[in-house]
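A.B. asks: Dropping the sequence and predicted coords here.
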Amino acid sequence: MSPLEEDGDKLPQAPPQYMTPPVSWAQRRDRLYLTVEVSECAKPQVRLQDCPPLAGTDPSKQPHCVLEVKGMQGAQPQKPFLLQLDLYGNIDIQESRVGVGPRALSLVLLKETPHAGVHWPRLLRPEGRPPKGVKVDWDKWKDEEDEDKEKNAKEFDVGDLDDMHKFDEFADEELDSEGENDNLSDTED
């Protein structure tokens, strides 16, 4: 994985004819997973730019981040591609990572506070239907409830339970009391 370029880094101008690759996404409370479907892209250029709300604007218009992924894909002749997404919230640029695979780019984007710890209602800032080519990756997706269950399962420790012989004693008492009830019903006949 390679680190993301910072705001000050300049990306070369996009070629006049470029394609927009499909992208799939999933999220956790603290991160986003994006898969950009481009093949044989050796040197992608990934840029995240923070966009704070303008002074004097509605405070509900939260800070957000613009993601730009640029490069050449495929064997000869290579085709230029450009992906630009106006993300719902801010991303921690320093801690986020990019992985380059033979068929796709994998981005792990860590959410920045105040958005860390909560699921975003959507990937993109604009409300409404997402653009063509942006889809949910259901194989990686986890709901908040699923994350809670997973967290609770990790926190469960059998060692925290009392000694197992106490459960055996309780079971023996239950059997004895059931047996006494059976004996009483036999004598009443």
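C.D. replies: Thanks, I have the structure now.

A.B. asks: dump the residue contacts of residue 34.
C.D. replies: 23-25, 67, 106-107, 109 (CB atoms under 8 Å, 6 or more residues apart in numbering). Heads up, the C-betas are built off the backbone N, CA and C, glycines and all.

A.B. asks: which one is it nearest to, not counting chain neighbours?
C.D. replies: residue 107 (4.2 Å; CB to CB, 6 or more residues apart in numbering).

A.B. asks: So what's the residue count around the one you found?
C.D. replies: Neighbour count for residue 107, taken as other CB atoms under 10 Å: 25.

A.B. asks: quick one: what helix or strand has it in it?
C.D. replies: strand 105-111 (DSSP states H and E).

A.B. asks: Who does residue 92 form a beta bridge with?
C.D. replies: The partner list for residue 92 in beta bridges (DSSP bridges) reads residue 110.

A.B. asks: neighbours around it, how many?
C.D. replies: 18.

A.B. asks: next helix or strand past the helix or strand encompassing residue 35?
C.D. replies: Using DSSP H and E, the element containing residue 35 is strand 31-36. Note on strand 31-36: by DSSP H and E, the next helix or strand toward the C-terminus is strand 45-51.

A.B. asks: hey, C-alpha coordinates of stretch 26-40 in CSV?
C.D. replies: Extracted in CSV, the C-alpha atoms of stretch 26-40 (Å, rounded to 0.1, in the frame of the first residue of the first chain):
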residue,chain,number,x,y,z
ALA,A,26,-18.5,-0.5,1.9
GLN,A,27,-18.1,1.1,5.3
ARG,A,28,-17.4,0.5,8.9
ARG,A,29,-17.8,3.0,11.7
ASP,A,30,-14.2,4.1,11.3
ARG,A,31,-13.4,3.6,7.7
LEU,A,32,-14.5,3.3,4.1
TYR,A,33,-13.5,0.6,1.6
LEU,A,34,-13.5,1.6,-2.1
THR,A,35,-12.6,-0.7,-5.0
VAL,A,36,-11.9,1.2,-8.3
GLU,A,37,-12.2,-1.3,-11.1
VAL,A,38,-9.2,-0.6,-13.4
SER,A,39,-6.9,-3.2,-14.8
GLU,A,40,-3.1,-3.1,-15.0
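
A.B. asks: pLDDT of it, averaged?
C.D. replies: The average of the pLDDT scores along stretch 26-40 is 94.

A.B. asks: With stretch 140-149 instead?
C.D. replies: 78.

A.B. asks: quick one: terminal-to-terminal distance for that stretch?
C.D. replies: 16 Å (CA to CA, to the nearest Å).

A.B. asks: same thing with stretch 29-47?
C.D. replies: So stretch 29-47: terminal residues 22 Å apart, CA to CA.

A.B. asks: Sketch out the helices for the protein, chain order is fine.
C.D. replies: 144-155, 164-187 (DSSP state H).

A.B. asks: hang on, the earlier thing: okay, now the sheet partners of the strand holding residue 35, with direction.
C.D. replies: Here, using DSSP bridges, strand 31-36 pairs with strand 23-27 (antiparallel), strand 105-111 (antiparallel).
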